[in-house]
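K.L.:
just a sequence and a predicted model for now, questions to come.
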Amino acid sequence: MRQTGETPAGSFPVTTRTVAANGLSFEVSECGTGDRLAICLHGFPEHAISWRRQLPMLAGLDYRVWAPNQRGYGRSSRPTRVEDYAIDALIADVAALIDASGASRTVLIAHDWGGVVAWCFAARRVRPLDALIVLNMPHPACYHRALGRWRQMRKAWYIMAFQIPFLPDWLLRVGNGWFVQRMLLESTKSPSTFPPDALAVYRAQAAAPGASTAMLAWYRAAIRGGWDRLLRGTEAVIETPTLVIWGEDDVALDQITLEGTEKYVADLTIRRLPGISHWVQQEAPDAVNELISHFLAEKVSA
C-alpha cells in the first residue's frame with residue numbers, strides 16, 4: 001500500500017455513476033479501482049464533493065473510493081416521508097452500497113451526519129470493516145450525554161429550530177440556496193474552504209425541488225424517532241480500529257462531546273486540529289489526508 005497523503009489529483013480522475021441499492025438510486029463519485037472499498041459519507045448540508053480532496057489520495061493508497069450522495073442529497077433518490085430518514089434506513093443504505101460494490105474489504109470514512117451513520121453502523125456490526133474514520137462527529141452516546149451540559153446545549157439550538165415546519169425548508173432553498181452559502185462561509189475559519197464552484201453545487205442542491213425538506217428530514221426523523229432508536233446498539237464496544245479527526249473550532253460541536261469515547265471503542269486514536277472548523281476535510285485537506293493515510297498504513301494490512 002502506498003503511504004503518502006499527497007497524491008496528484010490528476011493521477012486518479014473522479015467519475016460519477018449511479019448505483020442501485022436498498023431500493024433507491026444513489027449518485028456516487030468514484031475514484032480508483034480494486035477490491036478494497038473506501039466509502040465516504042458526507043454530512044449536512046453537504047454533498048459528495050466535500051470529499052473532493054480525499055478521493056484521489058485514497059485511490060493512491062490502492063482503494064476504490066465511493067462517495068455517495070446519501071438519500072435526499074444530490075441526484076440520489078429523495079423519499080418524501082420523514083420516517084424514510086430514520087437511522088435504520090440510513091444504515092441499510094450503507095450496507096447495500098457496500099454489497100453493491102462487490103468489494104471484499106471496506107474502510108468507512110464519515111463526517112458530520114455521515115459520522116452518526118458510521119458510528120451506528122460500526123457499533124451494530126452491520127458489515128465487517130477494516131477501519132472506521134470519523135471527522136467532527138462524536139459517538140452518539142457521548143453526544144447525548146453532552147447535551148445535558150450548557151456548553152453543548154447552547155450549540156445545538158439549530159436542531160430544534162429545524163423541527164419547525166416549512167420555515168427552515170424555505171430558508172434553505174430561497175434565493176438559490178443563499179442561506180446555505182452564508183451558513184458555510186460564516187462557520188469556516190477560512191473562506192477559501194469553499195471555492196465558488198463548490199458553493200455553486202451546495203446552493204443548487206439546496207434549491208432543487210424537495211431537497212431542503214429531505215435534508216432536514218434527517219434531523220426531524222432523529223427527534224421524532226427518539227434517542228432510544230438512535231442509540232440502539234451503540235453501547236456495544238467497537239472492535240474496528242477507529243480514528244477520530246477533530247477540528248477544534250467547531251461552531252456546532254463542543255470538544256466535551258469527545259469525552260468518554262474510549263468507553264465505546266477498543267482501538268481508538270483521536271487527532272485534534274487546532275484552529276480548524278467543523279468542515280475539517282475541506283478546510284485542512286492536507287492535514288486530514290496525512291492523518292488518514294498514516295492511520296490506514298498502521299492499522300490496515302495490504
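P.N.:
Yes, it's here.
K.L.:
just the CA coordinates for stretch 260-272, please, in CSV.
P.N.:
C-alpha atoms of stretch 260-272 as CSV (Å, rounded to 0.1, in the frame of the first residue of the first chain):
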residue,chain,number,x,y,z
GLY,A,260,-15.9,9.0,27.1
THR,A,261,-15.4,7.9,23.5
GLU,A,262,-12.8,5.3,24.8
LYS,A,263,-15.6,3.5,26.6
TYR,A,264,-17.1,2.6,23.2
VAL,A,265,-14.0,1.9,21.1
ALA,A,266,-11.4,-0.7,21.9
ASP,A,267,-8.7,0.7,19.5
LEU,A,268,-9.2,4.4,19.4
THR,A,269,-7.0,7.2,18.0
ILE,A,270,-8.0,10.8,18.4
ARG,A,271,-6.2,13.6,16.5
ARG,A,272,-7.2,17.2,17.1
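K.L.:
so what's Glu46 up against?
P.N.:
Glu46 makes contact with 73, 111-112, 202, according to CB atoms under 8 Å, 6 or more residues apart in numbering. The C-beta positions use only the backbone N, C-alpha and C, and glycine is treated the same way.
K.L.:
so which of those residues belong to strands?
P.N.:
His111 (DSSP state E).
K.L.:
and the furthest pair within the contacts of Glu46?
P.N.:
His111 and Tyr202 (14.1 Å; CB to CB).
K.L.:
quote the end-to-end distance of stretch 249-256.
P.N.:
The first and final residues of stretch 249-256 sit 12 Å from each other (CA to CA, to the nearest Å).
K.L.:
what of stretch 76-95?
P.N.:
Across stretch 76-95, first to last residue, CA to CA, it's 16 Å.
K.L.:
then stretch 33-52?
P.N.:
Stretch 33-52 has an end-to-end distance of 16 Å (criterion: CA to CA).
K.L.:
which parts of it are buried?
P.N.:
Within stretch 33-52, the residues that count as buried by 16 or more other CB atoms under 10 Å are 36-52.
K.L.:
what do you get for stretch 251-269?
P.N.:
By neighbour count on 16+ other CB under 10 Å, the buried set for stretch 251-269 is 252-254, 257-258, 261, 264-265, 268-269.
K.L.:
residues contacting it, please?
P.N.:
123, 136-139, 141-143, 145-146, 149, 151-152, 155-156, 158, 187, 234-244, 246, 248, 270, 272, 277-278, 295, 299.
K.L.:
partners of the longest strand seen in the chain in the sheet?
P.N.:
Secondary structure of the chain read by DSSP E shows that its longest strand is strand 268-277. In the sheet, strand 268-277 lines up against strand 242-249 (parallel) (DSSP bridges).
K.L.:
buried sites along the strand it pairs with?
P.N.:
In strand 242-249, counting by 16+ other CB under 10 Å, buried: 242-247, 249.
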